[in-house]
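Enquirer: mind looking at a prediction? Sequence and model below.
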Amino acid sequence: MHHFHYTGQKLHCESVDLAAVARLHGTPTYVYSARTIEDNYRRLAASLTGLDLQICYAMKANSNLAVLRLFANLGAAFDLVSGGELKRVTAAGGSTARSVFAGVGKTEAEIRLALETGVFGFHVESEPELARINHVAGQLGRKAPIAIRVNPDVDAKTHAKITTGKSDNKFGIPLKVAAAAYEAAAKYPHLEIKGVQMHIGSQLTSAEPFVEAVQKVIPFVEQLKQAYGISYFSVGGGIGIVYQDALASGDAAWWSARPEGERPLTPEAYGAALKPLLAPLGLKILLEPGRFLVGNAGVLLTRVEYLKRGSNKNFLVVDAAMNDLVRPAMYEAYHELVPLLRDSARPALKADIVGPICESGDCFAKDRTLQTVGEGEFVAFMSAGAYGYTMASRYNTRAMAAEVLVSGSRFELVNARENFDAMLAGEKIPGFLKT
Ligand code: LLP
C-alpha cells in the first residue's frame with residue numbers, strides 16, 4: 001500500500017499535486033512519501049511483534065538525509081556498507097550504536113571509523129576480514145562486536161544480479177565451514193562474538209526461500225548460542241515489492257482482490273511464516289529491509305521532451321535517463337509509467353520510453369502502452385524510491401536529480417538538483433597541460 005493516487009485527473013503524493021512539484025523544482029525529480037515509509041515500517045514491525053526486534057534499515061536503498069531522519073524518528077537503526085553511509089547516519093541524527101556494518105570489502109580506515117563511532121556489530125564476510133578487524137581493534141585498544149555472515153546456499157529465485165545466498169557468489173561464509181570461522185574468531189583477543197547474519201537476496205516475492213534459509217541456519221544458530229552465548233540473529237533483508245501494477249497496489253482493494261496464492265509477499269505473510277521459527281530462539285532478531293520500506297514510497301518525475309513517431313515504432317523521449325534510474329538498463333527491471341494528468345479521452349500510445357543518453361541501453365521500457373502524452377507534459381516512474389537515486393551517476397555530464405519529501409499537504413526540497421560548478425568541483429587541468 002502507498003499514498004500515490006489520482007485526485008480527479010491529477011496524480012497526487014499524499015495531498016500534494018505532483019505537477020506542482022515538477023513545475024516548482026523541475027525534472028527529473030524524485031519524490032518520496034513520508035507517510036508511505038512510516039506505514040511500511042510500522043506494518044513490518046507489527047508483523048513481528050513479540051520478537052525482540054531491531055529493524056536496521058538497509059540505507060543503500062535510499063540514503064537521503066531526510067529519509068534517514070524519518071527512520072531515526074521511527075526508532076529504526078541502519079544497515080550500512082561504507083564509511084560514507086556511516087557518516088550519513090551520524091549526519092542524519094541516527095544511532096550508529098544500534099546499526100550494523102556489512103560488506104565484503106571493509107577497508108582499515110572504515111573499520112577504524114566504525115570502531116571509533118561505535119556500531120552494534122560488524123557483519124563479517126571472510127576470515128581475512130576477521131584478522132583485519134581484530135588488528136584494527138587491537139590498535140585502538142577496543143573489542144570489536146562481530147557476527148559472521150553465513151551463506152545458506154538457498155536459491156532466492158530472483159534476478160541473478162541480486163541473488164546473494166547461493167554458494168557461488170561472493171557473499172558470506174558457506175554454512176558448512178562457518179563453524180571453523182567462528183572458532184577462528186573466538187581466538188582473536190580483540191573480537192567479541194555477538195551474533196550471526198544471513199541475507200539470501202533481494203526482491204523476493206514469496207516467503208518460501210526465507211523459510212528454507214532460516215530453517216537451514218537455525219541448528220547452527222542454536223550451536224552458536226551454546227558455544228559463544230550469541231545474542232542476535234540477523235535474517236537480512238529482501239522482501240519484494242510490486243512493480244508491475246504499482247499504482248493500483250496503493251489501494252487495499254487491489255490486495256484483497258488477489259487470491260491468496262497470487263498475492264505478492266506482504267509483511268504479514270513474511271511475519272507469519274518466520275515468527276514461529278524465530279521466536280523459540282530467544283534471541284534478538286535483526287531485519288535489514290531496504291526496498292520494502294522505501295521502494296513504493298518514491299516516484300521519479302520526468303518531462304516528455306519529444307514524441308518521436310517512427311514508421312514502425314514510436315519513441316517517447318523523456319528528460320530522465322539511465323543515469324537517474326539505472327534499474328531498467330541494468331536488470332531489465334519494470335517500472336510503471338503514469339501521466340501526472342490523466343485523461344481517459346485520449347487515445348493509447350504504444351512507444352519505447354527512452355532517455356536522452358547516447359546509447360541504446362538508455363531505455364526504460366520497450367513497446368509500453370500508455371495514455372498519449374506530448375511535449376512538455378509530466379509523467380512519473382513508479383516504485384522508484386529504492387535503488388533509484390542511490391544508484392544514479394553523472395554519465396553524459398548530467399547533474400544528479402533533485403529529491404523532494406512529502407508529508408500530508410507539505411513538501412520540501414530535501415536535495416537540490418546538482419549544479420554544474422559542484423559537478424566540476426574536484427576536477428582541474430594540470431599545470432603540465434597549460435600552455
Ligand atoms: N542486507 C544485505 C546484506 C544486503 O546485501 C541487502 C541488499 C539488504 C540487506 C537489503 O535488501 P532489500 O531489502 O533492499 O532487498 N540494486 C538492486 C538491489 C541490490 C540489493 C543489494 N543488497 C536493485 O535495484 O534491485
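Expert: Nice, I can see it.
Enquirer: just for the stretch 201-350 of the chain, where's the confidence low?
Expert: Scanning the stretch 201-350 of the chain with the threshold set as pLDDT under 70 gives no residue ranges.
Enquirer: please, where are all the strands along it?
Expert: For the stretch 201-350 of the chain, strands defined by DSSP state E, counting those that start in this stretch occupy the ranges 232-234, 284-287, 298-309, 314-318, 337-339, 348-354.
Enquirer: list, one by one, the residues from the chain near the ligand.
Expert: Taking Cβ under 6 Å from any ligand atom as the measure of proximity, the chain contacts the ligand at 58, 61, 79, 102, 162, 164, 199, 202-203, 236-239, 288-292, 327, 331, 387. Bear in mind the C-beta positions are built from the backbone N, C-alpha and C, glycine included.
Enquirer: quick one: which of those sit in helices?
Expert: In this view, those that belong to helices under DSSP state H are R291, F292, R327, Y331.
Enquirer: out of these, who's nearest M1?
Expert: Using Cβ to Cβ, F292 comes nearest to M1 of those, at 11.8 Å.
Enquirer: ok, that closest one touching V242?
Expert: No: because the distance of 10.7 Å does not satisfy Cβ atoms under 8 Å, F292 is recorded as not touching V242.
Enquirer: between these two, which is the more surrounded one?
Expert: Under the criterion of other Cβ atoms under 10 Å, the comparison of F292 against V242 puts F292 first, with 29 against 23.
Enquirer: in contact with the more buried one, which residues?
Expert: The neighbourhood of F292, defined by Cβ atoms under 8 Å, 6 or more residues apart in numbering, consists of N40, L44, G237, I239, G240, I241, P267.
Enquirer: buried among those? Make that a ChimeraX selection.
Expert: To isolate the buried members of the contacts of F292 in ChimeraX, using 16 or more other Cβ atoms under 10 Å:
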select :40,44,237,239,240,241,267
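Enquirer: what residue in the stretch 1-150 of the chain comes nearest to the ligand?
Expert: Taking Cβ to the nearest ligand atom, the ligand has its nearest neighbour within the stretch 1-150 of the chain at A58, 3.5 Å off.
Enquirer: domain ranges for the protein?
Expert: The record assigns the chain these domain ranges, following automatic domain parsing: 48-289, 296-420.
Enquirer: same list (the strands of the stretch 201-350 of the chain) but as TSV, adding mean neighbour count and distance to K434.
Expert: Compiled in TSV, these are given as follows (neighbours: other Cβ atoms under 10 Å; distance: least, Cβ to Cβ, whole Å):
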stretch	mean neighbour count	distance to K434
strand 232-234	23	53
strand 284-287	22	54
strand 298-309	21	38
strand 314-318	20	39
strand 337-339	21	47
strand 348-354	18	40
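Enquirer: could those go into TSV alongside distance to F381?
Expert: Listed next are these as TSV, based on distance: least, Cβ to Cβ, whole Å:
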stretch	distance to F381
strand 232-234	32
strand 284-287	27
strand 298-309	4
strand 314-318	9
strand 337-339	6
strand 348-354	9
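Enquirer: number of residues surrounding the closest residue to A329 other than its chain neighbours?
Expert: In space, A329 comes closest to M322 once its chain neighbours are excluded; the distance is 4.3 Å by Cβ to Cβ, 6 or more residues apart in numbering. M322 is surrounded by 25 other residues when neighbours are defined as other Cβ under 10 Å.
Enquirer: distance of M322 from the ligand?
Expert: From M322 over to the ligand the distance is 13 Å, taken as Cβ to the nearest ligand atom, to the nearest Å.
Enquirer: how about that residue, what does it touch?
Expert: When the contact criterion is Cβ under 8 Å, 6+ apart, the partners of M322 are P328, A329, G355, I357, G361, D362, C363, Y395.
Enquirer: at 10 Å instead, please
Expert: If you count contacts by Cβ atoms under 10 Å, 6 or more residues apart in numbering, M322 has them with 328-330, 354-357, 359, 361-364, 391-393, 395-396, 398.
Enquirer: just the buried ones from those residues, in ChimeraX syntax?
Expert: The ChimeraX command for the buried members of the contacts of M322 (criterion: 16+ other Cβ under 10 Å) is given here:
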select :328,329,354,355,356,357,362,363,364,391,392,398
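Enquirer: in helices only, show me the contacts of M322.
Expert: Going by DSSP H, the helices hold P328, A329, M330 from the contacts of M322.
Enquirer: of all those residues, which comes closest to the ligand?
Expert: Within the ones in helices among the contacts of M322, proximity to the ligand (Cβ to the nearest ligand atom) peaks at M330, which comes in at 7.4 Å.
Enquirer: ok, back up a step: what residues are shared contacts of F292 and V242?
Expert: By the contact definition Cβ under 10 Å, 6+ apart, F292 and V242 are jointly contacted by L265.
Enquirer: distance of the most centrally placed residue in the chain from A384?
Expert: Computing the C-alpha centroid of the chain and ranking residues by Cα atoms, centre = their mean puts A61 first, at 2.2 Å. From A61 over to A384 the distance is 11 Å, taken as Cβ to Cβ, to the nearest Å.
Enquirer: and of the domains of the chain, who's closest to T29?
Expert: Counting by Cβ to Cβ, and looking across all of the domains of the chain, nearest comes domain 296-420 at 4.5 Å.
Enquirer: list the buried residues in stretch 148-158.
Expert: Of all the residues in stretch 148-158, those buried under the rule 16+ other Cβ under 10 Å are I148, R149, V150, N151, P152, D153, V154, A156, T158.
Enquirer: tell me which residues of the longest helix seen in the chain come out buried.
Expert: Longest helix of the chain, by residue count under DSSP H: helix 208-228. Using 16+ other Cβ under 10 Å as the test for burial, helix 208-228 gives 209-214, 216-217, 220-221, 224-225, 228.
Enquirer: show the contacting residues for whichever residue of the stretch 101-250 of the chain sits closest to the ligand.
Expert: The stretch 101-250 of the chain approaches the ligand most closely through G237 (2.7 Å), counting by Cβ to the nearest ligand atom. By Cβ under 10 Å, 6+ apart, the residues touching G237 are 55-58, 60-61, 79, 199-202, 204, 287-293.
Enquirer: look up how far G426 lies from it.
Expert: 33 Å.
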